[in-house]
Each structure stands twice: as structure tokens, then as C-alpha cells.
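Enquirer: below: sequence and its predicted model.
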Amino acid sequence: MISIKNIVKTYTTGDETLVALDNVSLEIMAGEFTAIMGPSGSGKSTLMNILGLLDRFDSGTYILNGQNVSDLNDKESAKIRNKEIGFIFQSFNLMPRMSVLENVELPLVYAGVKSKERKERALKALERVGLSDRVKHKPNEISGGQKQRVAIARAIVNNPSVLMADEPTGNLDSKTTVDIMRIFQELNAEGTTILMITHESEVSLYTKRILTFNDGALVDDQPQKSVYKGA
Ligand code: ADP
Ligand code: ADP
């Protein structure tokens, strides 16, 4: 479903050029649940931004669901991104003035889905993450773990083929982290492909595969055999 070959990404600031991704190749199949690990500055976010069609790269090839997406313009990228990819961030990125339900409906507003269907689909997504009793609350009226569940509902409401999460448990305590990882495991068991950046090895135990980056290079790719089911 995701195939990249020889991806190079550099950042130029003034007369300094930094190689953020140094000839990275990898494949991710539908149904995988993959952790991206490595020290700060190793290129994890850069890779996810490229795979999520949020950022371009200098050279290499990216095939997403059989389509070459290496050289799209912004409009084409946005169209594919909205259809194929759901994003989840450490900081939740919810709209503070909107209710939980309205936050989850937002991607469907952009997709031009009519009001009645929007509400039905958003309620279904919220049910899937166990938040049916909080739909009218505002983000500041719910806990961090509940906010992340809203963000997950918002990410899945469009039925994307892949979920991309950048440190999704970075702001959560360990008990809430387990709850969120269980939701990810359930979504994965139902067929959603998940790609997740984490620096916590306990969190990576919930995945099926661990990619490790160092200095912009993929240095290790291991199956996670004893997929943790939680305590
Ligand atoms: P990680 O997510 O593993 O912490 P990043 O992908 O954020 O790593 O960063 C990889 C390298 O690229 C780091 O050295 C970082 O400072 C640099 N970098 C990331 N984004 C930018 C940017 N927009 N401009 C300049 N340098 C950047
Ligand atoms: P993460 O915690 O996911 O690794 P970072 O804190 O490295 O994220 O980066 C957050 C944002 O800042 C990213 O969008 C990245 O592109 C940008 N960034 C990172 N390093 C630099 C840098 N040296 N110069 C400019 N922007 C950067």
C-alpha cells in the first residue's frame, strides 16, 4: 500500500544543508501496525510528513495504493490526503469552540458530505472510540485521553486507508496510553493500517513491526512477535 524508494529529503537554512532523510526505502502492506522509532532528530516526523503528503522530498519515488504520488501539486496532494489518510497528533489539534461532535464532523464538511449523513457518521466514529456520552461537550470539558479519542474519531470518520499518528500518547499518562493503544489495536484488527511515531518502547509493544531510524537512515526493521495485549 505504501512503497518508497531512495527517498532523500534535505533542509537548507542559509548556506547550511541538512540531510533529514538519507536514501530511505521501505514498504508497508495493508493491515500492518507499524511503529517508527529513533532518537530526536533522526527523521521520523520528516518521514511521516512525506508519507502523509504534507511535505515534498528532493528525490526518490513514493507509490501510495498503486499510484505514483511523487510529483503531485498541492491541490492533488490535498485531494489524495483527505481521501486516504487520517492524522493524529500529540497535541490533539481540536477546535476549542466546537463540540466533540462538530470536531469529528469537520473532515466531512470539507468533503462536502450533507449534514444528516455527517452527523450519523460522526456519531458512529465516536461510538467506536467509546465517547458516545460526550458528544455535546467542548474539548476543554473532557480529559486528555478523551481528547485523543475525539482526535482518533475525527481521523477515522472518512474511512481512510491509513492512520498516521505522531507521538499520539506523548501527552498522556500510562493508564490512558494503554486505553489509546487498545483502540489502535482494535482499529487495526478491523483492517485499518496504522503508522505511529513513538519514542516509548512500551508503546511500540502494541504494534506488529518496529522501524528504527538514526541520522535520517532506516537502521532496523523488526517484526514485533509478541504483540502485547495489555495488562
Ligand atoms: P524526529 O521526528 O526524528 O525528531 P525530524 O524529522 O523532526 O526528526 O527532524 C530531522 C532533522 O531535520 C532534524 O535535524 C531537524 O532539526 C531537521 N528539520 C526538521 N524539520 C526542519 C525544517 N522545517 N527546517 C529545517 N530543519 C528541519
Ligand atoms: P517531533 O517532536 O515530532 O520530532 P519536532 O519538535 O522535531 O517534532 O518538530 C516540530 C516541527 O518543527 C516539525 O513540523 C518540523 O518540521 C519543524 N522543525 C523541526 N526542526 C526544525 C528546524 N531545525 N528548523 C525549522 N523547523 C524545524
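Expert: Yep, that arrived. Ligands and ions are numbered 1, 2, ... in the order given.
Enquirer: and the residue most central in space within the chain, how far is that from H137?
Expert: Centroid-nearest residue in the chain, with Cα atoms, centre = their mean: M164, separated by 1.4 Å. As judged by Cβ to Cβ, to the nearest Å, M164 and H137 stand 26 Å apart. All C-beta atoms are positioned from the backbone trio N, CA, C, and that covers glycine.
Enquirer: could you list the low-pLDDT ranges of this structure?
Expert: Within the chain, the segments meeting pLDDT under 70 span 227-231.
Enquirer: buried sites along the longest helix seen in the chain?
Expert: Secondary structure of the chain per DSSP state H: the longest helix is helix 174-189. For helix 174-189, the neighbour count (16 or more other Cβ atoms under 10 Å) marks T176, T177, V178, D179, I180, M181, I183, F184, Q185, L187, N188 as buried.
Enquirer: what's that helix in contact with?
Expert: By Cβ atoms under 8 Å, 6 or more residues apart in numbering, the residues outside helix 174-189 that reach it are 31, 33, 128-130, 143-145, 148-149, 152, 156, 163, 165, 168-169, 172, 194, 196, 200, 202-203, 206, 208, 227, 229-231.
Enquirer: return the subset of the residues you listed lying in helices.
Expert: R128, G144, G145, Q148, R149, I152, I156, E202, V203.
Enquirer: excluding chain neighbours, what is closest to L126?
Expert: In space, and not counting its chain neighbours, L126 is closest to A153: 4.9 Å by Cβ to Cβ, 6 or more residues apart in numbering.
Enquirer: isn't the one you found right up against A122?
Expert: Yes - counting by Cβ atoms under 8 Å, A153 touches A122, with 7.2 Å between them.
Enquirer: neighbour-wise, which of these two wins?
Expert: Taking neighbours as other Cβ atoms under 10 Å, A153 and A122 compare with A153 leading, 28 against 24.
Enquirer: hang on, the earlier thing: the residue nearest to the centre of the chain bridge partners, please.
Expert: Beta-bridge pairing for M164 (DSSP bridges): F87, L195.
Enquirer: now it: how far from ligand 2?
Expert: Separation of M164 from ligand 2 (Cβ to the nearest ligand atom, to the nearest Å) stands at 12 Å.
Enquirer: ok, now which ones touch that residue?
Expert: Residues near M164 by Cβ under 8 Å, 6+ apart: M48, L51, G52, I85, G86, F87, I88, I194, L195, M196.
Enquirer: next, the contact list for the second one, please.
Expert: I take that to be L51. Contacts for L51 (Cβ under 8 Å, 6+ apart) come out as I2, I4, Y62, M164, L195.
Enquirer: quick one: which helix or strand includes the closest residue to ligand 2 within the chain?
Expert: Closest residue of the chain to ligand 2, Cβ to the nearest ligand atom: S45 (3.8 Å). Using DSSP states H and E, S45 maps to helix 44-51.
Enquirer: cool, S77 as well?
Expert: Using DSSP H and E, S77 sits in helix 74-84.
Enquirer: chain center to that helix, what's the gap?
Expert: Remark: helix 74-84 is offset 15 Å from the chain centroid, using Cα atoms, centre = their mean, to the nearest Å.
Enquirer: and for stretch 176-193?
Expert: Relative to the centre of its chain, stretch 176-193 is centred 12 Å away, using Cα atoms, centre = their mean.
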